[in-house]
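**Q** Predicted coordinates and the sequence they were generated for:
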2 protein chains.
Amino acid sequence: MKFKIENTDSSTKARAGKLTLAHGTIKTPIFMPVGTQGTVKTLSPLELEEIGSQIILGNTYHLYLRPGQKLIKQAGGLHKFINWDRPILTDSGGYQVFSLAELRKIKEEGVRFQSHLDGSYHDFSPESVVETQRFLGSDIMMVLDECTPYPCPLNQAIESNEMTLRWAKRALEAYHGSESFYGFDQELFGIVQGSTYEEVRRRSATALVEMDFPGYAIGGLSVGEPKSAMYDMTAVCTEILPQNKPRYLMGVGKPEDILEGIERGIDMFDCVMPTRNGRKGTVFTRNGVLVVKNATFKEDFRPIDAECECYACRNFTRAYIRHLFKAQEILGMRLASLHNLHFYLELVGMAREAILADQYGNWKKTFLDRYFSTKN
Amino acid sequence: MKFKIENTDSSTKARAGKLTLAHGTIKTPIFMPVGTQGTVKTLSPLELEEIGSQIILGNTYHLYLRPGQKLIKQAGGLHKFINWDRPILTDSGGYQVFSLAELRKIKEEGVRFQSHLDGSYHDFSPESVVETQRFLGSDIMMVLDECTPYPCPLNQAIESNEMTLRWAKRALEAYHGSESFYGFDQELFGIVQGSTYEEVRRRSATALVEMDFPGYAIGGLSVGEPKSAMYDMTAVCTEILPQNKPRYLMGVGKPEDILEGIERGIDMFDCVMPTRNGRKGTVFTRNGVLVVKNATFKEDFRPIDAECECYACRNFTRAYIRHLFKAQEILGMRLASLHNLHFYLELVGMAREAILADQYGNWKKTFLDRYFSTKN
């Protein structure tokens, strides 16, 4: 893995860089579409490429349960199984175990949980999730962590974080003690936890930096805390994380949150929002969010976003897409998902250009002013 | 409209031709993907073009109810509304009124029915459905007919057919007395009814031919009658219908039914089977049908059909598509629908080549022998 920073904005901490992974080089800051079950919902790999997706995410928890790591190994790894030859990042399953699985029991050894699919019992340990991600063959693997809920008492945040740190160390050992099944390098990122407590975040970031991971994520944010806490915690972490390694803010977020993250030195983002909201008929535009299936758009023969060049905006009207949603036609979900991901990818692309031009702060202000004040 | 027969197979009645409509020329025999609500389910117009769809079908009943003919006129017609610039055929809504709508009352004047969407009352008459199809702006419009159920007593078949003939005459008058809103020609096809009674079919076909429609459809088949009856009635009709006009066998059917129809002189087909079955995980191949979501295919890393060149077969395995169905991911339905339509379009394309080479009978036998005897 190679990470090269091309420019750091002179008046913010925003950075533009290039991250070279086994399956290609990605330009940061970057947004990663989420392909939970081996598919970015409703879209084909071809469409993802066409809108400029450089890296996608897979969920270890889901893929471990179905179709299972053995089948994916038989297929030659996740890239081959899903027909995606650009980089893939897989999470550790930690977040899903804590948010999706039924009846979980956390011990020092790891976590025992019941599948949300069939109630069967499974164990994840720091070592086992590295192994599972070896089976998947992702370019970037994540360590198993405990994601604390919000709010979380300080005491619990400290204890949980200490265990997450011990888990991170074990994961790193498992990582160094194993190798890829597929003949290419896989990276392992550590995850900073610590809820909304500055001192716990600092302790977490400092300890992980000492362990020397190839890259770092910030986890446990965007879980219900105030925006200001999310932004502050991000800044606390990026202050400590090394300049020369990529930083990934997990599960974030809304367009404005992504821009705030970039401003604080984040390089990578993922979020289900563009696809999940798209499937429900909510779309993002330069002029803010609109719920395309609302009656307002019944006779609106303009595209979702007149300035957007995605397939949906070049070819279809709001009135038609609204009709598709009212008639429960899948093409509606497809077009809205495609447009939203295109919007997110263009957003980080524009942010990158602004950083390279050393104009990030101004560009961000102009973008958000319009985004929040214009009417669709 | 121009219809030119390029060759009639010397040992069967199969014909290959070219039908020129307002939005382009289609090569017959042809299969028409069904776009009930202004979208061929799960697919984009771009994908339909890529698999070689030359004409698609829209359902007047559905589009009349939602989004409504007024909105479609505002959009500039159905072609513009759905972003499809090749030919469109719209049915009359007759079949849907009889199969979908609640509580219908048929009178000489027309049919009153309750919407399956909201229970609201509506009236269709031979004149009104021509008008609705003028609003839609389809290249080929269909007359309102009564589609008899199977089995149907002779008495009822005769009476129903006589009314359908009177309706056809009224539709033709409404057609000649109106014109396109959009500045291009629309054709009106008559529909032969008569259940499974040769003499009623003959009476129907003869009377319609006298009325001199631009083209003719055969309706009321593939509604539960024995295959032999479907094939026989088709032959009875094509015996009477003029050679120099296109013939459309409505709602048919399975691959073997289409080939039997072609053998009896049919030029056009439509059926929801490729898309409906695709959405349920059933796919068509040169070696017969397979249910891709079955456990048999769990570790099957071959494409659906190794000889198929569609996007699904070039890029994905049965194991992956099965996973998508098990995980209820929309991409599974998309890939299976795309493949099935590609299969149907290739099927009629191969039939056409065989007719042009004067080898239809042999080709059909070879194709069906393999289709019914090979294991996937």
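**A** Looks like it came in fine. Keep in mind that this is a model prediction, so the values were computed, not measured.
**Q** got the residues of chain A near chain B?
**A** A:37-39, A:41-46, A:62, A:66-67, A:71, A:74-75, A:81-83, A:298-299, A:301, A:311, A:315-317, A:319-320, A:323-324, A:326-327, A:329-331, A:333-335 (CB under 8 Å from any CB of the partner chain). Placement of C-beta: from N, CA and C, glycine included.
**Q** So which residue is smack in the middle of chain A?
**A** Taking CA atoms, centre = their mean as the criterion, residue A:270 is the residue nearest the geometric centre of chain A, at 1.8 Å.
**Q** can you pull the contacts of that residue?
**A** The contact partners of residue A:270, by CB atoms under 8 Å, 6 or more residues apart in numbering or on different chains, come to A:31-34, A:57, A:89, A:248, A:250-252.
**Q** same thing but at 6 Å, please
**A** The contact partners of residue A:270, by CB atoms under 6 Å, 6 or more residues apart in numbering or on different chains, come to A:32, A:34, A:57.
**Q** surely residue A:191 meets residue A:146?
**A** No: with contact defined as CB atoms under 6 Å, residue A:191 does not reach residue A:146; the gap is 9.6 Å.
**Q** domains for chain A, by residue range?
**A** A:31-270, A:278-366 (automatic domain parsing).
**Q** Distance from the chain centre to the shortest one, please.
**A** For domain A:278-366, the distance from its own C-alpha centre to the chain's C-alpha centre is 19 Å (CA atoms, centre = their mean, to the nearest Å).
**Q** ends of that domain, how far apart?
**A** 25 Å (CA to CA, to the nearest Å).
**Q** who's sitting farthest from the centroid in chain A?
**A** Outermost in chain A, CA atoms, centre = their mean: residue A:299 at 35.7 Å.
**Q** quick one on the thing from earlier: which of residue A:191 and residue A:146 has more neighbours?
**A** residue A:191 (29 against 21; other CB atoms under 10 Å in any protein chain shown).
**Q** which residues sit against the host helix or strand of that one?
**A** Residue A:191 is part of strand A:187-192 when elements are defined by DSSP states H and E. Strand A:187-192 is touched from outside by A:1, A:140-143, A:145, A:168, A:175, A:204-205, A:208, A:213-219, A:237, with contacts defined as CB under 6 Å, 6+ apart.
**Q** is it true that residue A:160 lies in a helix?
**A** Yes: applying DSSP: H, G, I helix; E, B strand; the rest coil, one finds residue A:160 inside a helix.
**Q** all strands for the stretch 51-200 of chain A, in order.
**A** In the stretch 51-200 of chain A, the strands defined using DSSP state E, counting those that start in this stretch lie at A:56-58, A:88-90, A:102-106, A:111-114, A:121-124, A:140-142, A:187-192.
**Q** Grab the nearest non-local neighbour of the closest residue to chain B within the stretch 101-250 of chain A.
**A** Residue nearest to chain B within the stretch 101-250 of chain A (CB to the nearest CB): residue A:117, separated by 9.4 Å. In space, and not counting its chain neighbours, residue A:117 is closest to residue A:65: 5.7 Å by CB to CB, 6 or more residues apart in numbering or on different chains.
**Q** what's the answer for residue A:108, then?
**A** In space, residue A:108 is closest to residue A:163, 6.7 Å off (CB to CB, 6+ apart).
**Q** Neighbours of the one you found, how many?
**A** With other CB under 10 Å as criterion, residue A:163 counts 16.
**Q** Note down every partner strand of the worst-scoring helix or strand of chain A on mean pLDDT and its orientation.
**A** Confidence across the helices and strands of chain A bottoms out at strand A:102-106, with a mean of 85, counting by mean pLDDT, DSSP states H and E. Take DSSP bridges as the rule and strand A:102-106 pairs in its sheet with strand A:111-114 (antiparallel).
**Q** Need the mean per-residue confidence for the strand it pairs with.
**A** Across strand A:111-114, the average pLDDT comes to 94.
**Q** what do you get for stretch A:57-77?
**A** Rounded mean pLDDT across stretch A:57-77 is 98.
**Q** If we go by neighbour counts, what in that stretch is buried?
**A** For stretch A:57-77, the neighbour count (16 or more other CB atoms under 10 Å in any protein chain shown) marks A:57-65, A:67, A:69, A:71-75, A:77 as buried.
**Q** same thing with stretch A:50-58?
**A** Here stretch A:50-58 shows A:51, A:53-58 as buried, counting by 16+ other CB under 10 Å.
**Q** where do the helices sit along the stretch 151-300 of chain A?
**A** Shown for the stretch 151-300 of chain A, the helices assigned by DSSP state H, counting those that start in this stretch span residues A:154-176, A:198-211, A:227-240, A:255-263, A:273-279.
**Q** Which of those helices sits closest to residue A:372?
**A** Nearest to residue A:372 among these is helix A:255-263 (7.9 Å), distances taken as CB to CB.
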